[in-house]
Structures are given as C-alpha cells and as structure tokens.
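Visitor: Sequence first, predicted model second:
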Amino acid sequence: MKDRDINKFVPIEYNENALSLMVQSPTVLYAYWELSHGLKNTLSGKKKVQIRLNIEGDGVRQTYEIDLSEKSYYFNDVQPGLSYNCEIGTVDDYNMFLPLLRSNTVNTPRVTPLHGSVLPGEAAPTSFSSRAFHRKKD
C-alpha cells in the first residue's frame, strides 16, 4: 500500500466530541481534544471558551481561554501526587462556567517516594546501631 492510499482509510478528524488528559511528567499534564462541527458552531457564538483543570474532589486548579482552532493544551506547574481531570466549556453572562466536555481522570506521580518507601532498583533501608559508625579507640 502506498502512503497516499492511507489517507483514504484514516480520516484527519472523526467529527466527534472528545477530550483526553495525559500525564507528561509529575508537574505537566497534556490535554487534547476534538470538537464536532456542530459543537464548534455552537461555541463560535460564545464570548469565552475555556479549558479548566480540576483537582479531583478539590475544585478548579487552572483556567485558560482557548481558541476554537486549538486542539491541545499543556498544563504546567501542577502538583505531583494528585488526581486531575479537565473540562471545556463556556462562561455565561453571569460569569458561570458551563462545562460541555469532561476528560478522563489521571494521577500525577510523586516526585519522591513516600517516607520509608523504596524505589525500584534501590536496596531496602537497613537499621544500624549507632556503634557501627564509631571507631574504637586502641
């Protein structure tokens, strides 16, 4: 099969509404989306279209206005070790956010292990008596 034949089978867009969130690093999340033609038309008449990053069970962490031509966004400076999701929506005349799409939930890894935990490949901590580190006097 020639490369030009692939475009006959794999569409550039699926004309669906989808929003996904991925962990890029402990402090960076990547959101990407596709908006159907109908939703794009609906949103084009709105003053503000926003993407919001939420901490699960704790509310909004970051909010940014987006352009309808955009298809992705990086959330920087997120706190490691928490669960996040994001939403795309509009803001009405009363400054209320109206969510239209919600992403999956992701968990950012911790930067360091919990106290007493062992990272893969490291030796387990051992306890030593204080005498093991003192040199005997002759």
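Guide: It's in.
Visitor: Run through who's touching the lengthiest helix in the chain.
Guide: Longest helix in the chain, counting residues (DSSP state H): helix 37-44. Contact partners of helix 37-44, identified using Cβ atoms under 8 Å, 6 or more residues apart in numbering, comprise 15, 17, 35, 49, 68, 90, 100. C-beta here means a position set from N, CA and C on the backbone, and glycine is covered the same way.
Visitor: what do you get if the cut-off is 6 Å, keeping everything else the same?
Guide: Outside helix 37-44, the residues that touch it by Cβ atoms under 6 Å, 6 or more residues apart in numbering are 15, 17, 49, 68.
Visitor: tell me the contacts of the spatially most central residue of the chain?
Guide: Centroid check for the chain by Cα atoms, centre = their mean gives Leu29 as the closest residue, at 3.3 Å. For Leu29, the contacting residues are 21, 75, 78, by Cβ under 6 Å, 6+ apart.
Visitor: the inter-axis angle of the helix or strand that comes right after the longest helix of the chain versus helix 37-44?
Guide: Using DSSP states H and E, the helix or strand that follows helix 37-44 in sequence is strand 49-55. Strand 49-55 and helix 37-44 are oriented at 100 degrees to each other (axes from the mean of the first three to the mean of the last three Cα atoms, to 10 degrees).
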